[in-house]
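[1] everything below, folded, please.
(chains A and B)
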Amino acid sequence: MTGPREPVSAAERDPAAQPERTRLAWRRTTLTYAVSLGLAVRAVLTEGAPAAAVAGVALAALAWLGFLAVAHRRIQQMVTERPPRGLTVLQLRGTLASVLTLIVVGVVLL
Amino acid sequence: MIHRLAATLRLWFAPQLIKAEGTTPDYRFSLANERTFLAWVRTALALVAGGIAVDQFLTELRWGMRTTIAIVLLTGAALCALRAVNHWVRCERAMRRGEDLPTSRFPVLLGTGTAVAALTVIVVVAVGWAGK
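    Numbers count the residues shown, from 1 in each chain, chains lettered A, B, ... in the order given. Next up, the predicted model:
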């Protein structure tokens, strides 16, 4: 019989599949962004799109690159850090900003 | 209610305040919270894709109907994205304080909204075919 377990430090805890699952979740999210962006790109390619729409989609593409950068950074942290640090405010804001950009571009495309 | 809203808003603009509260939870819980956040972000992105797709592919609909559906989907996307951050902040804070995780009506609203939107599209498409 063992007594009450001693508190383990964060580094000793078994991370199990948690970092990997989180890493894959970031991957899935960048892919979902790519699919949505692809639809927006298709919208300006097929119609005689006004300049504002083309500029908007270009901006959304940049936002996607920004989101990829955040995801890449986060994935690197998952791979190298034991334990990985938590989501930072900057990463949270970067994600929100890139998603909101795509939404605004979607409205511009209507 | 107002007080809670004010506290949440303060965290939105200065989320580093979260770290000042309570104790750091098991990082595995934080990672789970992060994945939930990402799942909501994907929901938002899927709604954006839906909004753009409705506008592009349901071209037989009248402009007004098509744009209305697209606007509803895009609005839903914006709400999901904002909620993703809000829920992450609230869960992180609750875990640090050792409180229960926040409950929310948002998933029910989103589910109902999605069902209504899908039914609307079905009816509109069916009526469109019947009219031809």
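[2] where does the chain have low pLDDT?
    All of this is about chain A. Scanning chain A for pLDDT under 70 picks out A:1-12, A:47.
[3] switch to chain B, please.
    Across chain B, the ranges flagged by pLDDT under 70 are B:1, B:13, B:15-16, B:131-132.
[4] ok, now which ones touch B:A77?
    A:99, A:103, A:106, B:44-45, B:47-48, B:51 (Cβ atoms under 8 Å, 6 or more residues apart in numbering or on different chains). For glycine as for every other residue, the C-beta is placed from the backbone atoms N, C-alpha and C.
[5] swap in A:L100?
    Applying Cβ under 8 Å, 6+ apart, we find A:L100 in contact with B:78, B:81.
[6] and the gap between it and A:G38?
    19 Å (Cβ to Cβ, to the nearest Å).
[7] next: A:I103.
    Counting by Cβ to Cβ, the gap from A:I103 to A:G38 is 16 Å.
[8] these two: who's more crowded?
    Counted by other Cβ atoms under 10 Å in any protein chain shown, A:I103 and A:G38 do not tie: A:I103 has more neighbours, with 25 against 13.
[9] next, the buried residues of the host helix or strand of that one.
    Using DSSP states H and E, A:I103 maps to helix A:89-109. For helix A:89-109, burial by neighbour count (16 or more other Cβ atoms under 10 Å in any protein chain shown) applies to A:91-92, A:94-96, A:98-109.
[10] how about the helices in the chain?
    The chain I'm using is chain A. Listed in chain order, the helices of chain A (DSSP state H) span A:18-46, A:51-80, A:89-109.
[11] correction: the question concerned chain B.
    Here chain B has its helices, by DSSP H, at B:2-13, B:27-57, B:63-97, B:106-131.
[12] may I see the buried residues of the second one?
    Applying a neighbour-count criterion of 16+ other Cβ under 10 Å, the buried positions in helix B:27-57 are B:27-28, B:30-38, B:40-56.
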